[in-house]
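[1] Let me see the structure of the following:
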Amino acid sequence: MGKFTLQKTVYLNDTNAEGNVYFARFFDWQGETREAYLKQTAGKEELGSLFGSGARMLTVNASMEFYAALWLFDEVRIELTTCKIRRASFGMIFRFFKVSDGALVGRGLQKLAFQDPQGRLMSIPPFIYRIAVEIEESSDLNPNSDSAVQKLVAEE
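    Okay, here's the model as predicted:
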């Protein structure tokens, strides 16, 4: 299984009044990681052509589980993998690690689908399907793996 990794530093704008990372920032970081992966692997031209045609990438659902806090100037490593790749949708799994000690601080999940210019569900574009398969997790999920992933697998 491959994975895509993005590393970030926690800044003041990421934190709340308590000084830890505000929960909604993790959803921003999911989107940033997803888009960095698409930019790096799919390429600007193919993405521009897809979205310029009026097609849309939809986040059908997103979730986040939190295990520990991140604080100002912590370094966080975000690892992205995919799961449950189907004809018209797939899941993205985000694991957030505190770089200083390697601790898993959270896990997130998104389910993505695609819509054609007329608003109808469409197949995953071939170039996105190809890159999603490159970082797909095994379909034989470990019973100790992410509960959100287990839920996604049970839904279809």
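[2] going forward, measure contacts and count neighbours with C-alpha atoms only.
    Will do.
[3] hang on, E46 in a helix?
    Yes: residue state for E46 (DSSP: H, G, I helix; E, B strand; the rest coil) corresponds to a helix.
[4] That one: neighbour count?
    In terms of burial, E46 registers 15 neighbours under the definition other Cα atoms under 10 Å.
[5] For it, list the residues it contacts.
    The neighbourhood of E46, defined by Cα atoms under 8 Å, 6 or more residues apart in numbering, consists of F127.
[6] And it, how far from T82?
    As judged by Cα to Cα, to the nearest Å, E46 and T82 stand 20 Å apart.
[7] so where do the strands sit in the chain?
    Assigned by DSSP state E, the strands in the chain fall at 4-9, 56-66, 75-83, 89-98, 104-115, 121-122.
[8] So which other helices or strands are in contact with the third one?
    Think strand 75-83. strand 4-9, helix 23-41, strand 89-98 (3 or more Cα pairs under 8 Å, 6 or more residues apart in numbering; DSSP states H and E).
[9] quick one: buried residues of the first one?
    In this case it means strand 4-9. By 16 or more other Cα atoms under 10 Å, the buried positions in strand 4-9 come out as F4, T5, L6.
[10] now the longest one
    By neighbour count, and taking 16+ other Cα under 10 Å as the criterion, the buried residues in helix 23-41 are F26, F27, W29, Q30, T33, R34, Y37, L38, T41.
[11] correct me, but the fifth one touches I78?
    What that stands for is T33. Yes: counting by Cα atoms under 8 Å, a contact exists between T33 and I78, whose distance comes to 7.4 Å.
[12] residues bridging contact with the two, i.e. touching both?
    Listed as contacting both T33 and I78 by Cα under 8 Å, 6+ apart are T5, L6.
[13] which one of the strands of the chain lies closest to Y129?
    Proximity to Y129, assessed across the strands of the chain by Cα to Cα, is greatest for strand 89-98 (8.9 Å).
[14] for this structure, which spans come out with low pLDDT?
    Flagging of the chain using pLDDT under 70 yields the residue ranges 139-156.
[15] go again using 50 as the cut-off
    Applying pLDDT under 50 to the chain flags residues 140-144, 148-149, 152-156.
[16] Tell me how far stretch 28-44 lies from the chain's centre.
    Relative to the mean C-alpha coordinate of its chain, stretch 28-44 is positioned 9 Å out (Cα atoms, centre = their mean, to the nearest Å).
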